[in-house]
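Trainee: I'd like to go over a predicted model; first the sequence, then the structure.
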Amino acid sequence: MSDISQPTPNEVASDDVPLDQINVARPGIFQNETWRPLFARLRREAPVHYCAESEFGPYWSVTKYDDIMAVELDHGVYSSEKGISIADASPEEALPSFISMDPPKHTAQRKTVAPVVAPANLRNFEATIRERTALALDALPLNETIDWVKKVSVPLTTMMLATLFDFPWEDRDKLTFWSDVTIANVNDPDSPVDSMEERMAELHKMAAYFSELWAAKAKAAPSFDLISMLAHSSATRDMPFQEFMGNLGLLIVGGNDTTRNSMTGGVLFLHENPGENRKLRADPGLIASMVPEIIRHQTPVVHMRRTATRDTELQGQKIAAGDKVVMWYLSGNRDETAIEEPERFIIDRKKARRHLSYGAGIHRCVGDRLADQQLRILWEEILKRNMAIEVVGKPARVYSTFIRGIRSLPVRVTAA
């Protein structure tokens, strides 16, 4: 039996494959960047598409912008309670979190953590983010090959996570490791864990570490960090253990992966589009529209899944109660009927914020403005130094149907 996670030659050349045999839920097509023709065909011929057989069971693919928005905004018909990933977790592995809840519980838990990224607090973060970014850039060796992910994207996002959690500074690298473990695909040769059992063991270590922080925060006066907020809120202070682990994983991944991968993606996109790079150098004011364009073009979260709560219909397709409905953000962000020239990276794009990378409605990414702020400051500091960043090798991409991640990107930095 062939590895159903890997793209087959016929599937990459998708026009030769019967529609009912197309399965886009294969980690290999995202790691190998062979997903474009598959989703283009689905948008064109079957924007709401049923796949009867996959390693994740049967599922519906929603691939166009407006249809994804319709599912995203109707949480009564399309529930998050069964999970947000196409992959089903076993009862032992299921880690509920507020992103995989419906109102009213979702509303109360989200409201608990939202103040940490409120506008007033983002202003407080500005100077700290800028100082750390400047130090990271000034420490880069010039005229030699380095890994941008390791030298810039990971350290900056890890420091921000440590700040949000008021996490012990000397142990902050644990946050990056736990983020990688949370989203790990154990079939990936580069996975930080080799089995689901090992993954759960590491997440239990994470929970044990945070339990000590939680206990200390619960005894102290409330402070403006995520652990204190969770420990003191009536909506979260008595969470079951699995839910505690789930919310920790959600906040760590949410505060890490979008920003980390967009920091790397932006460098790659400007290298691939030298005209846009020249445009940016000539007008640094374009950073404001470039940041959301980077996030659209990268689409760090490939998909989100919902489950139909009752029989319904979408674009003429009859969806049964209990069916998996997968919103492919990566495809919606390439929808030609909603976004002009979506395959192009255009830093002065009109309506640049009209993308799906943060989701929409009640589940829109709670930290979207913080991610934007970190990316904005990074590019302001790069331009301030007139740094030239040349990509000198291919990016190594993560093997995942869920996160469109870049594991490494070799670059050479010069003072232009």
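Mentor: Looks like it came in fine. This one's a predicted model, so the numbers in the text were calculated from it and none came from an experiment.
Trainee: show me what contacts G361?
Mentor: E72, L73, H75 (Cβ atoms under 8 Å, 6 or more residues apart in numbering). Just so you know, the C-beta spots here come from the backbone N, C-alpha and C atoms, and that holds for glycine as well.
Trainee: count of neighbours near the last one?
Mentor: So the one you mean is H75. For H75, the neighbour count with other Cβ atoms under 10 Å is 19.
Trainee: That one is in contact with P103, isn't it?
Mentor: Yes - using Cβ atoms under 8 Å, H75 is in contact with P103, at 7.1 Å.
Trainee: okay, and the common contacts of the two?
Mentor: In contact with both H75 and P103: I362, using Cβ under 8 Å, 6+ apart.
Trainee: remind me which residues of this structure are low pLDDT?
Mentor: Scanning the chain with the threshold set as pLDDT under 70 gives 1-14, 91-92, 416.
Trainee: Do you have the strands of it handy? List them.
Mentor: 48-51, 59-62, 78-79, 145-147, 303-308, 312-314, 317-319, 324-328, 387-391, 396-397, 406-408, 410-415 (DSSP state E).
Trainee: For A127, which of these is the nearest?
Mentor: strand 387-391 (21.0 Å; Cβ to Cβ).
Trainee: What residues sit buried inside stretch 344-358?
Mentor: F345, I346, I347, R349, A352, H355, L356, S357, Y358 (16 or more other Cβ atoms under 10 Å).
Trainee: nearest to I99, of the residues you listed?
Mentor: Y358 (12.2 Å).
Trainee: And the closest one, how far from N187?
Mentor: 28 Å (Cβ to Cβ, to the nearest Å).
Trainee: now P342
Mentor: 30 Å.
Trainee: between the two, which one's more packed in?
Mentor: Legend: neighbour count by other Cβ under 10 Å for P342 and N187, higher for P342 (20 against 13).
Trainee: Quickly note the distance from the more buried one to N333.
Mentor: 7 Å.
Trainee: For T299, give me its contacts.
Mentor: T299 makes contact with Y329, L330, N333, H355, L356, S357, R404 under the criterion Cβ under 8 Å, 6+ apart.
Trainee: Looking at those residues, which is nearest I29?
Mentor: The nearest one, if we look at the contacts of T299 relative to I29 and count by Cβ to Cβ, is L330, at 10.3 Å.
Trainee: Who are the contact partners of that closest one?
Mentor: So L330 contacts F30, W35, F39, T299, V302, H303, R404 (Cβ under 8 Å, 6+ apart).
Trainee: Next, the contact list for the fifth one, please.
Mentor: Going back to what we said before, that points to V302. F30, W328, Y329, L330, S400, T401, F402, I403, R404 are the contacts of V302 under Cβ under 8 Å, 6+ apart.
Trainee: With distance to K82 as added columns, please give the residues you listed in CSV.
Mentor: Below are these laid out as CSV (distance: Cβ to Cβ, whole Å):
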residue, distance to K82
F30, 23
W328, 18
Y329, 19
L330, 22
S400, 20
T401, 17
F402, 15
I403, 20
R404, 23
